[in-house]
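A.B. asks: need coordinates for the following:
(one chain, ligands or ions: 1)
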Amino acid sequence: MLFADVIGQEGPKRKIRTALAQRAIGHAYLFSGDEGIGKRLMALRFAQALSCETPPSSSQPDSCGQCRACEQIASGTYPDVLRIQPEQEKANPQIKIDQVRAIERHMIYRPLLSDRKICIIDDADHLTTNAANAFLKTLEDPPEHSLFILITSQPLRLLATVRSRCLALRFSPATATQFEGALALKQAMEIADARFLARVCGNRIGVAMRADLAELRRQHEQFFQLWQSDTLGHPTAILQRAEEISKAQPFSDVIDWLSHGLRDLLLIILGAEHDLLLHQSQISTLRRIAKSLTPTDMVDLLDSLQTLEQAPAQNLNLQLCLENFLFRVHHVIHRDAA
Ligand SMILES: [Zn+2]
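C.D. replies: Next up, the predicted model:
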C-alpha cells in the first residue's frame with residue numbers, strides 16, 4: 001500500500017500508523033532528517049491516509065492512492081491540505097509573515113472533506129523570525145481540527161518554542177539493502193546500478209530518484225582517465241586537464257568522484273571485501289593503480305584531497321588545488337614510467 005512507498009523510516013511510519021489507528025493524532029508534527037530521505041512523501045501519505053475516501057481494508061491504516069482525495073492531495077489541489085514552502089526564486093528563500101497569515105486563514109475553517117484541516121510546511125527552518133513568532137501563536141492554540149506537519153533538515157534553526165510544540169519524528173537514511181531493493185523494484189534498475197547510486201547518494205532515496213545515473217557514471221569515469229599514462233604526461237597537460245575538469249562540473253561533484261575513487265584504492269590496499277567497492281567492475285584497474293602507490297603516495301593524495309575539500313570554505317583557488325592533486329597523480333605515474 002501507499003505507506004510502503006516510503007523506503008525505510010520504520011520508526012516514524014509505525015508512530016504515524018499507530019496514531020491513525022488509535023485516532024490519537026497530535027496537532028503538530030516535526031519531521032526532521034537529511035534532505036531526500038522521504039519526509040515530504042511521508043507527510044503526503046499521512047495526509048492521504050487521513051483523507052482517503054476508499055481506504056484499503058487492512059489492519060494497518062493506509063490510503064488507496066486512487067480516489068479523488070488521494071489524487072488531489074498528490075497534485076496539490078485538495079481543499080483541506082495547504083502546502084507552504086519558501087519562495088524558491090530568491091537567493092535566500094524565506095517563509096514570510098504573509099504566508100503565515102495564509103496558514104491562519106486556511107486553518108481557521110473546519111475541513112470540507114477530510115477529518116482534519118492539514119498544513120504541510122516544507123523547509124520550516126526558513127520561517128523568518130517574525131513569521132515564526134506569528135506562527136507560534138497559532139501553534140499555541142491550534143484549532144481543534146488542525147494538523148500541522150513541519151518538515152526540516154535543520155531542526156535546530158527553528159525557534160525552540162516552535163520545536164517544543166511539535167511531536168518530533170526523526171528520519172534517517174535507508175539501509176543499503178532497503179535502498180537497493182527499492183531502486184531495483186521502482187525503476188527496474190540493475191542491482192549494480194542501484195548499488196552504485198546507493199553509495200554515491202548516501203542511501204538517500206529522494207536524491208537518487210532525481211539523480212542522473214548516466215551523468216554520475218560519466219563523472220566517476222574521470223577518476224580512471226587520470227591514471228592513464230597519456231592524460232597527465234607533462235605539466236601543460238596537467239594544467240589544461242585541471243581547467244577542463246573545473247569548468248565541466250560543479251566543484252562538489254569533482255570532490256565526490258575523486259574521494260570515491262580514492263576510497264576504492266584505499267579499500268584495495270587494505271584488502272577489504274570486493275563488495276565494499278564502488279567501482280566493482282574496475283577492480284583490475286584499481287588493483288593495478290594500487291600496486292603503483294607507496295604509503296607516502298596515498299598519504300599525499302589524501303592530504304591533497306583534504307585541501308581540495310576545504311578550499312571553498314577557505315577561499316582557496318579551486319583550480320590551483322586541483323592542479324596540485326593532479327601533479328601528485330602525475331608524480332606516481334611518472335615515477336613508475338621512469
Ligand atoms: Zn484514497
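A.B. asks: show me what contacts the nearest residue to Cys64 once chain neighbours are set aside?
C.D. replies: By the measure of CB to CB, 6 or more residues apart in numbering, the closest residue to Cys64 outside its immediate chain neighbours is Thr54, 4.9 Å from it. The C-beta positions use only the backbone N, C-alpha and C, and glycine is treated the same way. Applying CB atoms under 8 Å, 6 or more residues apart in numbering, one finds that Thr54 lies in contact with 64, 66-67.
A.B. asks: what segments of the stretch 51-200 of the chain are strands?
C.D. replies: Ranges of strands in the stretch 51-200 of the chain, per DSSP state E, counting those that start in this stretch, are 81-84, 117-121, 146-152, 167-170.
A.B. asks: what about the second one, average pLDDT?
C.D. replies: Looking at strand 117-121 alone, the average pLDDT works out to 97.
A.B. asks: check the first one too.
C.D. replies: Taken as a whole, strand 81-84 has a mean pLDDT of 96.
A.B. asks: around the ion, pick out the residues from the stretch 51-200 of the chain.
C.D. replies: Listed as neighbours of the ion in the stretch 51-200 of the chain under the rule CB under 5 Å from the ion: 52, 63-64, 67, 70.
A.B. asks: reformat the strands of the stretch 51-200 of the chain as a markdown table; add distance to Ile255 and mean neighbour count.
C.D. replies: Conversion of these to a markdown table gives the following (distance: least, CB to CB, whole Å; neighbours: other CB atoms under 10 Å):
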| stretch | distance to Ile255 | mean neighbour count |
| --- | --- | --- |
| strand 81-84 | 34 | 21 |
| strand 117-121 | 32 | 25 |
| strand 146-152 | 26 | 25 |
| strand 167-170 | 28 | 15 |
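A.B. asks: make CSV from the ones you listed and add distance to Ala290 to it.
C.D. replies: Compiled in CSV, these are given as follows (distance: least, CB to CB, whole Å):
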stretch, distance to Ala290
strand 81-84, 50
strand 117-121, 49
strand 146-152, 42
strand 167-170, 39
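A.B. asks: I'd say Val332 and Asp297 touch.
C.D. replies: Yes: with contact defined as CB atoms under 8 Å, Val332 counts as touching Asp297 (5.2 Å).
A.B. asks: show me which of these two is the more surrounded one.
C.D. replies: When Val332 and Asp297 are compared on other CB atoms under 10 Å, the one with more neighbours turns out to be Val332, at 19 against 16.
A.B. asks: the more buried one and the ion, how far apart?
C.D. replies: 60 Å (CB to the ion, to the nearest Å).
A.B. asks: and that residue, which of the three is it?
C.D. replies: Secondary structure, DSSP: H, G, I helix; E, B strand; the rest coil: Val332 is helix.
A.B. asks: quick revisit: from the residues of the stretch 51-200 of the chain next to the ion, which two are the most distant?
C.D. replies: Between all members of these, the longest pairwise span (CB to CB) is found for Ser63 and Cys67 and amounts to 8.0 Å.
A.B. asks: what sits in contact with each of these two?
C.D. replies: Listed contacts common to Ser63 and Cys67 are Cys52; contacts here mean CB under 8 Å, 6+ apart.
A.B. asks: those two: which has the busier surroundings?
C.D. replies: Between Ser63 and Cys67, counted using other CB under 10 Å, the more crowded position is Ser63 (26 against 16).
A.B. asks: and the contacts of the helix or strand harbouring Leu305?
C.D. replies: Taking DSSP states H and E as the criterion, the element that holds Leu305 is helix 295-310. Judged by CB under 8 Å, 6+ apart, the contacts made with helix 295-310 from elsewhere in the structure are 254-255, 258-259, 262, 265-266, 269, 293, 316, 318, 321-322, 324-325, 328-329, 331-332.
A.B. asks: hmm, try it at 10 Å
C.D. replies: The set of residues that contact helix 295-310 without belonging to it, under CB atoms under 10 Å, 6 or more residues apart in numbering, is 251-252, 254-255, 258-259, 261-263, 265-266, 269, 290, 293-294, 314, 316, 318, 320-322, 324-329, 331-332, 335.
A.B. asks: repeat for stretch 60-69
C.D. replies: Taking CB under 10 Å, 6+ apart as the criterion, the residues outside stretch 60-69 that touch it are 1-5, 13-14, 16-23, 44-56, 70-71, 73-74, 77-81, 113-114.
A.B. asks: gap between it and the chain center?
C.D. replies: Using CA atoms, centre = their mean, to the nearest Å, the distance from the centre of stretch 60-69 to the centre of the chain it belongs to is 26 Å.
A.B. asks: how much space separates Leu322 from Leu20?
C.D. replies: Taking CB to CB, to the nearest Å as the measure, Leu322 and Leu20 are separated by 52 Å.
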